[in-house]
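Participant: kindly generate the corresponding structure for this input.
(4 chains, ligands or ions: 4)
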Amino acid sequence: GEKDKPSGKGGDDTLKVVLLVNGNLGDKSFFDSANEGMEMIKKEFGATTKVIEMGDDDTKWQPTLIDISEEDWDVIIVGTWQMKEVLEAVAPDYPGNKYILFDSSVDYEGDKYSNIYSILYKQNEGSFLAGALAARITTSDLPKADNSKKIIGFLGGMDVPVINDFLVGYIEGAQYIEPDIKVATSYVGDFFNAAKGKEMVLAQYNLGSDIVFNVAGQAGLGALDAAKEKDRYAIGVDSDQAMLFKDSDPDKANLILTSVLKRVDMSLYRAIDLELKGELKWGEAEELGLKEESIGFAKNEFYEKLVPEDIRKEIDDLEKDIIDGKIEVTSAMGMDTDELNKIRNSVKP
Amino acid sequence: MEEIIRMEGITKVYPNGVVANNQVDFSITEGEIHALVGENGAGKSTLMKVLFGQEQSEEGKIFIRGREVKLTSSQNAIEHGIGMVHQHFMLVPSLTVAENLVLGKEPTKGGFLDFDKAVEITKELSEQYNLIVEPEAKVEDIPVGKKQKVEILKALCRGAKILILDEPTAVLTPQETSELFRELIELKNKGHTIIFISHKLNEVKEICDRVTIMRRGKNVGVFHIDEISTEEISNLMMGKEMSLDIQKKKAEPKEPVLSVDGLSYFNVVGRQVLKDVSFCVRAGEILGVAGVEGNGQKELVEIITGLQVDYRGTINILDRNIDKLSIKGIRGLGVGHIPEDRMTYGVAELASVEENLISNRYDDSNFQNKLLMDTDTIDSWTAKTIDEYIIKTDSSKRLVKMLSGGNIQKVVVARELSTDPKLLIAHQPTRGIDVGAANFIHRKLVDMRDTGAAILLVSADLNEIMDLSDSLIVMYEGEIVAYFEDMSKVTEEELGLYMLGLKRQSEDEIGRCFHA
Amino acid sequence: MGNLASIIFTAEFGYAILRVTTPILFAAMAALISDRAGVINIGLEGIMLMGALTGVIGSAFSGSLWIGLISAILGGVLMAMLLAYFSLYLKTDIILGGVALNLMSSGGTIFILYLVAHDKGISSSLKSGVFPQVDIPLIKDIPVVGEIFSGHNILTYIAFLSVLVIYIFLYKTPLGLRIRAVGENKDAAASVGINVRRIQFLALVLSGVLAGFGGAYMSMGYVSWFSRNMTAGRGFIALAAEAMGRGTPLGTMLTSLLFGFADALSNSLQSLRVPAEFVQMIPYIATILGLVVYSNQQKPKKVKGEMEESV
Amino acid sequence: MHSESKFEVIRTLVAILIALLLAFIIILFVSQEPITAFLKLITGPFSSLRHFGNIIETAIPLIFTGLSISVMFQANQFNLAAEGAFFIGGVVATIAAIHFNLPPVIHPLVAIVLGAVAGGIVCLISALLKVKWNASELVSSLMLNYIFFLLGIYIINYFLRDPNAGAMVSYQFKDNAMLSRLIPRTRIHTGLFIAALCIVLMYLFLYRTKWGYALRMTGLNQSFAEYSGINTVKVIIYSQLLGGITAGIGGATEILGMYNRFQWQALPQYGFDGVIVAIIARNNPVFIPIAAFFLAYLRIGADIMSRYTDVQNEMVAVIQAVMIMLIAAQGFLAKYRHKMIVKGAKQHGKLS
Ligand SMILES: Nc1ncnc2c1ncn2[C@@H]1O[C@H](COP(=O)(O)OP(=O)(O)OP(=O)(O)O)[C@@H](O)[C@H]1O
Ligand SMILES: Nc1ncnc2c1ncn2[C@@H]1O[C@H](COP(=O)(O)OP(=O)(O)OP(=O)(O)O)[C@@H](O)[C@H]1O
Ligand SMILES: [Mg+2]
Ligand SMILES: [Mg+2]
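Facilitator: Ligands and ions are numbered 1, 2, ... in the order given. This next block holds a predicted model:
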């Protein structure tokens, strides 16, 4: 469905921006965040915006992009790696259009895509901090931590690069603090089976981990349920999950120490802002991380309340080191399966 | 006597377009046994299903004791005191006799089924009408004759005063039949009215008061039984005169074609169904197998034709051991098989007449044209066969289920005989079909014998067995208990004694049927 | 392997099996009831999903858990009635009807969720309830046994209780007798004046009730929200469990537990070093193995044909 | 018989009309612009060559799975593993498309043949389980779908995954491996010819060869087939093998025609759609393309509607389901049909 119709062809000079979601809204993470970005763009810049959900059938994405490209839009936004090749196939046919690709980058060699701006996220930076925090917590003497075992947990949606980028950062952060840490890792197999996510996380808690980081979309909400059931700690992702449950389920919120935020909204807002100022670098990819505030680490009231000050201080220092480039976090992007397995297996409990 | 039921102008068209009843009037008076006869497909069952509320007619009215009623369901008819025993058993095999009996009007205690009460009801009823059954036996374990009784009790249990019996004797032995007749007379004396459908005109003559004759969906006459002869009835049924007895010359048996030696068989539950059975069928003879159903005939036929494996003993067809042969392999030796249950084994009712006719030779090389089937050859062969066997259908592409019972059986017979088999296993070849079609089939069997085929005829119909067989074996509890080399010396009554296990020949006498 | 043992031989694992089994058991009982009446209900997946959604909506708007449960059951029953109407009255092929029902539900639940909550993924903006966990007196104090059997969601107990109820219903009540008669030989049932269609309709409705319970457990017990496609194939698994259990309540319960065991195992094993894909296969492979082991031992009739083709 | 087929047409049309009416009513309730939305749904698919092309593109995989299901259903084998066979067909074609070096035309053909073999194996397992252990093929096939999905994902993940890609997808296919596009500005690919060929072959197989004959007789009455000497064990096996092969060809063709690398993350559901197509087409290969086209038309219409208006495309799942159930409803309009038959019987003088 649409959010708003573009007002007649050409004519007025309001900015017209369209977002194509290759999936559906309501994921409580990625696409919802992009949608919020569109709201901000509409509100702050008075732009005409529209959001189109293209559903899960990937054969429908290209026709939709072509349809939209033939309409009159100033900026067409698509996201994820899956849309990258679709965009590469379509964009050169419409040199007059401008496209933004988030969470992936087209292949700029050969100057073919001068009308595309790509945004990449350094989610590994955020999850590095999460890993460091988790390692500190599990060895601490906090009430719900089990400091006899150095095991922490990770729940991924699917075994795919973006998720593994989170995982690698998480493991690296944890090892930075506690070299012989163990990380129990499970993948739900999809991003919606919350019950399965819950089961898996319960199993991780049973294995002795006392804090679990979920990066599994809706399935990850099962992880938070498991935390509540077992009264153990959790780390959220994408949106600020503690605040999400603050009113509806305070017990749960009280266990979510922090969330790693992927601020698609901020990055889109930033891009349109730059575009209006005439500063956006078309034909290039930018990597945005902690520094650009496109990756965030939620420091909300629960974080303040639950995490002891000395640990918070340590995390702040780490964050600063990353922003300053003193710590460089390994990325799983482009890593082959063997290498990844080596990392995963090295910390398996 | 008062008229208890009157049906006026009943017209029933089935969804497939068959006009099964066409403006039928039908009436019965209280306390009579009324026969309903007609060829297969004449519309007898349909008319009765309309009366039982099971089928709704397009046109027509039904009156019970002069009052018009609308019968829209069996429940309705039951409430009006009508009960029906169907042509095919309507029982739930895994339930007990008592459960089957009370189904639909179960006795309860505190909301739960009252099993004891059900058994009690069954016992009472069974004693009252002298129809003896075992209430706690599972229906799947009891013999056919008993099932028939359960069916009748079912109707009585629901307070039926008018009983419709659709071909109740088709599956019974002479002894069972006369037992049933005694019970029917008793019911009649207790004030019940009975509608009796049968193809066996002598039975009709025996116990009925009046007879209604149907032909092609119409009522062609109602008579007092004393006013009409069986010949006249059958002429009216068929619309033309027809001779009923079969002309056949004496058999001249030659070498054995089928020899069965020491055959034993245990069924799935481990019961021994066949015990050391040995016999031969020779070229040019029809060997009849008489016996009450369930005495091993079915298994015998299934083993010889390859439908059943895991037996002990030796079976040779034309000197070839069939132990290692598939059904196809056995058929390849020149074996034809008219199965007992035509709707289960004999045809695929949703396939066309043509497709049904070629099922045992569809891969013959003369039906093949390289990779594809040669439709021209098949079409012309089919047309010829339909002609030869006088199968009534408007097209060879018509679905078999649209044919009448007699014509369906002709399709089976045509298919099995047209390969010119050296050995034909004919199992109940005319069960439940009309006289005309039955006669036709009997004549074909005799013709085949005359051209040198060996025929094993298994039938529960004694008339058929006595008329057709050249020699005869009788089976009882999985054993051969008698062998008659010459049929002229056998009487029906004597056969009955062997069939019921009351008499048994000596081993030597029996051994003569093994001609090897 | 030591690790494996340390996972399986724990009270938590036993507890997890019962928890994982609950929705499957409900659905398997639903499959059983309709199967015994002679109608295959492939639409269980969709019925359960709809129940999960309507339960959440009912609970959120009434603020009452029990109204939520009733809504879930109603949602399930409505879907089952739709299937029953089409397959029994309009003679739609029951397998196609089931497939269509699943299609309708997977899209329809999202459509309704969007209308109600303006969200296409998850109902977390609706404040729906969660069924309470209950401790069983006495049993809860027994070590290990108590940890495994006590403290479950109330719906888990209802699920296992339903096995007994269905057993009694099928074998000890008039209606159960009629359902079995209809399933085995509907002509026979019809001939004694039983309205076959009505019995089958009723069986499908009961099947909808049970699947509705299963749905309620998914969204108000297992987790506390509805999310798209959250039943994730449990309806199909239940069909397998029922087939494997050969249509008897007790057998079906055991096979559901077997699946629950396999699923719980796969959830736990992941944290160890086995590729995720293979671990996730365990429940399905277990089901197939179960089918093989438990399926009719009687050989298909004509194996002889394989030995030799012709003379 | 003639009036019979006339009736089928009428019933189908009425079913479609009712479903569309229902669609319109739902749209009235949920939309600010109901007329536009409805028009988009109906006319959208024909509004441009590209949209029409989308229908054909969508119909191609449906034809394959429809054929696959229909051949198995004709043999009375309720095997739903076409879903898994389609998926694994795509996976295996991917292996060939990435690892082989072959000339054009040959390359996709080899890939498709391998996909066919793999698809065949999937459905064959159900058949063997049934023949050996009497395990219900319906149930085992539902389980096999999951197993082969996971196996396929494992293969892609561990052996074919492109580490430079940002999602779990394979390397790109060799250029030679992909099926060429037929009509500019659409993605209609040469898979359409393969589909057409499969339809013809399947028709000839089922209705003109002895194996097809044996298969149909087994499906109509297995006892009859056995009694006639047909080796039904063989039929059970080859019907499902063939169903799997057809689905496998479908998966391979879809992957090589519509994608340049493997990127399915979940079962694409074409197997279940195949059930719908097959049943609407009454399991007859001749009607399969019509049914597939119709289903594809509906789905494209829904996409276009949701793209241009405020109606969610999920709504169409409801409409589709109702429409499908009505079309397949033998008893829908049965009274009217019966009247027609009685009238016909009267006209033919069968009633006096
Ligand atoms: N359910 C049905 N659907 C379609 N046609 C039917 C149906 N039942 C019977 N017929 C057809 O209606 C005609 C009359 O059938 P009916 O069973 O009433 O004959 P009948 O006199 O009882 O024959 P039989 O002696 O073989 O039992 C036949 O042509 C038969 O094929
Ligand atoms: N679906 C149908 N459409 C048209 N005609 C049919 C159909 N079904 C049966 N018929 C024909 O209607 C007539 C009456 O059918 P019925 O079954 O009563 O035959 P019948 O005269 O009893 O045959 P027979 O005496 O050989 O058993 C037959 O000629 C039969 O071929
Ligand atoms: Mg007839
Ligand atoms: Mg009859």
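
Participant: can you pull the contacts of A:Ile76?
Facilitator: By Cβ atoms under 8 Å, 6 or more residues apart in numbering or on different chains, A:Ile76 lies in contact with A:17-18, A:20, A:65, A:68-69, A:97-100. (C-beta placed from N, C-alpha, C; glycine too.)

Participant: please repeat the previous calculation with a cut-off of 10 Å.
Facilitator: Applying Cβ atoms under 10 Å, 6 or more residues apart in numbering or on different chains to A:Ile76 gives the contacts A:16-20, A:65, A:68-69, A:87, A:90-91, A:94, A:97-101, A:115-116.

Participant: helix/strand/coil for residue 71?
Facilitator: All of this is about chain A. Here A:Glu71 is coil, with the state taken from DSSP: H, G, I helix; E, B strand; the rest coil.

Participant: oops, wrong one, chain B.
Facilitator: Applying three-state DSSP: B:Leu71 is coil.

Participant: how deep is it tucked in, by neighbour count?
Facilitator: 22 (other Cβ atoms under 10 Å in any protein chain shown).

Participant: try the one 4 residues further on
Facilitator: Using other Cβ under 10 Å, B:Gln75 is surrounded by 16 other residues.

Participant: what bits of chain B have low per-residue confidence?
Facilitator: Applying pLDDT under 70 to chain B picks out residues B:1, B:16, B:171, B:239-246, B:269, B:432, B:516.

Participant: one step back: just the buried ones among the contacts of A:Ile76, please.
Facilitator: Among those, those buried by neighbour count (16 or more other Cβ atoms under 10 Å in any protein chain shown) are A:16-20, A:65, A:68-69, A:87, A:90-91, A:94, A:97-101, A:115-116.

Participant: for A:Ala226, what is the enclosing helix or strand?
Facilitator: Of the helices and strands defined by DSSP states H and E, A:Ala226 is found in helix A:219-230.

Participant: downstream neighbour of that helix in the secondary structure list?
Facilitator: As assigned by DSSP H and E, the chain's next helix or strand after helix A:219-230 is strand A:233-238.

Participant: and the residue lying closest to B:Ile286 once chain neighbours are set aside, helix, strand or coil?
Facilitator: Nearest non-adjacent residue to B:Ile286, counting by Cβ to Cβ, 6 or more residues apart in numbering or on different chains: B:Ile455, 4.4 Å away. Look at B:Ile455: counting by three-state DSSP, its state is strand.

Participant: who does B:Ile455 form a beta bridge with?
Facilitator: With DSSP bridges applied, the residues forming beta bridges to B:Ile455 are B:Ile286, B:Leu424.

Participant: residues near residue 166, how many?
Facilitator: If you meant another chain, say so; for now it's chain A. Look at A:Phe166: counted by other Cβ under 10 Å, it has 27 neighbours.

Participant: the chain in question should be chain B.
Facilitator: As a burial measure, B:Asp166 scores 21 neighbours (other Cβ under 10 Å).

Participant: the one 4 residues further on too?
Facilitator: The number of residues packed around B:Ala170, counting by other Cβ under 10 Å, is 20.

Participant: let me see the contact set for it.
Facilitator: Contacts for B:Ala170 (Cβ under 10 Å, 6+ apart) come out as B:87-88, B:144, B:148, B:177, B:197-200, B:428, B:431-432, B:460-461.

Participant: how close does it sit to B:Leu445?
Facilitator: As judged by Cβ to Cβ, to the nearest Å, B:Ala170 and B:Leu445 stand 19 Å apart.

Participant: surely B:Asn21 is in a strand?
Facilitator: Yes. Assessed by three-state DSSP, B:Asn21 belongs to a strand.

Participant: what sits against it?
Facilitator: B:7, B:9-14, B:42-44, B:46-47, B:49-50, B:55, B:57-60, B:214, B:217-219, D:351.

Participant: follow-up on the earlier one: in strands, which of the buried ones among the contacts of A:Ile76 fall?
Facilitator: Among the buried ones among the contacts of A:Ile76, the ones falling in strands (DSSP state E) are A:16-20, A:98-101, A:116.

Participant: in a markdown table: those residues, plus distance to B:Glu494.
Facilitator: Formatted as a markdown table, these follow (distance: Cβ to Cβ, whole Å):
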| residue | distance to B:Glu494 |
| --- | --- |
| A:Lys16 | 104 |
| A:Val17 | 103 |
| A:Val18 | 98 |
| A:Leu19 | 97 |
| A:Leu20 | 93 |
| A:Lys98 | 106 |
| A:Tyr99 | 101 |
| A:Ile100 | 102 |
| A:Leu101 | 99 |
| A:Ile116 | 102 |
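
Participant: and those, which is closest to A:Asn124?
Facilitator: A:Leu101 (19.5 Å; Cβ to Cβ).

Participant: quick check: phi and psi at the residue of the stretch 1-150 of chain A found nearest ligand 4.
Facilitator: Ranked by Cβ to the ion, the top residue of the stretch 1-150 of chain A for proximity to ligand 4 is A:Asp57, at 54.8 Å. Taking degrees, to the nearest 10, you get phi -80, psi 110 for the backbone angles of A:Asp57.

Participant: give me the secondary structure label for the nearest residue to it once chain neighbours are set aside.
Facilitator: Excluding its sequence neighbours, the residue lying closest to A:Asp57 (Cβ to Cβ, 6+ apart) is D:Pro268, at 7.8 Å. Using three-state DSSP, the structure places D:Pro268 in coil.

Participant: what residues are up against D:Pro268?
Facilitator: A:56-59, D:61, D:65, D:83, D:86-87, D:90, D:149, D:251, D:254-255 are the contacts of D:Pro268 under Cβ under 10 Å, 6+ apart.

Participant: among the residues you listed, which ones are buried?
Facilitator: With burial judged by 16+ other Cβ under 10 Å, the buried subset of the contacts of D:Pro268 is A:58-59, D:61, D:65, D:83, D:86-87, D:90, D:149, D:251, D:254-255.

Participant: thinking again about what came up before, distance of the residue of the stretch 1-150 of chain A closest to ligand 4 relative to D:Phe87?
Facilitator: Taking Cβ to Cβ as the measure, A:Asp57 falls 14 Å from D:Phe87.

Participant: can you check B:Leu371 too?
Facilitator: Using Cβ to Cβ, B:Leu371 is found at 31 Å from D:Phe87.

Participant: how about the helices in chain D?
Facilitator: Secondary structure of chain D (DSSP state H): helices located at D:2-30, D:34-43, D:49-74, D:82-99, D:106-133, D:137-155, D:191-208, D:210-220, D:222-228, D:232-258, D:270-280, D:288-308, D:315-327, D:334-347.

Participant: how about the second one and chain C, any contact?
Facilitator: Going back to what we said before, that points to helix D:34-43. No. Helix D:34-43 is not in contact with chain C by Cβ under 10 Å from any Cβ of the partner chain; minimum separation 13.6 Å.

Participant: does anything pack onto that helix? Which helices or strands?
Facilitator: On a contact count with 3 or more Cβ pairs under 10 Å, 6 or more residues apart in numbering or on different chains; DSSP states H and E, helix D:34-43 meets helix D:2-30, helix D:288-308, helix D:315-327.

Participant: at 6 Å what do you get?
Facilitator: helix D:2-30, helix D:288-308 (3 or more Cβ pairs under 6 Å, 6 or more residues apart in numbering or on different chains; DSSP states H and E).
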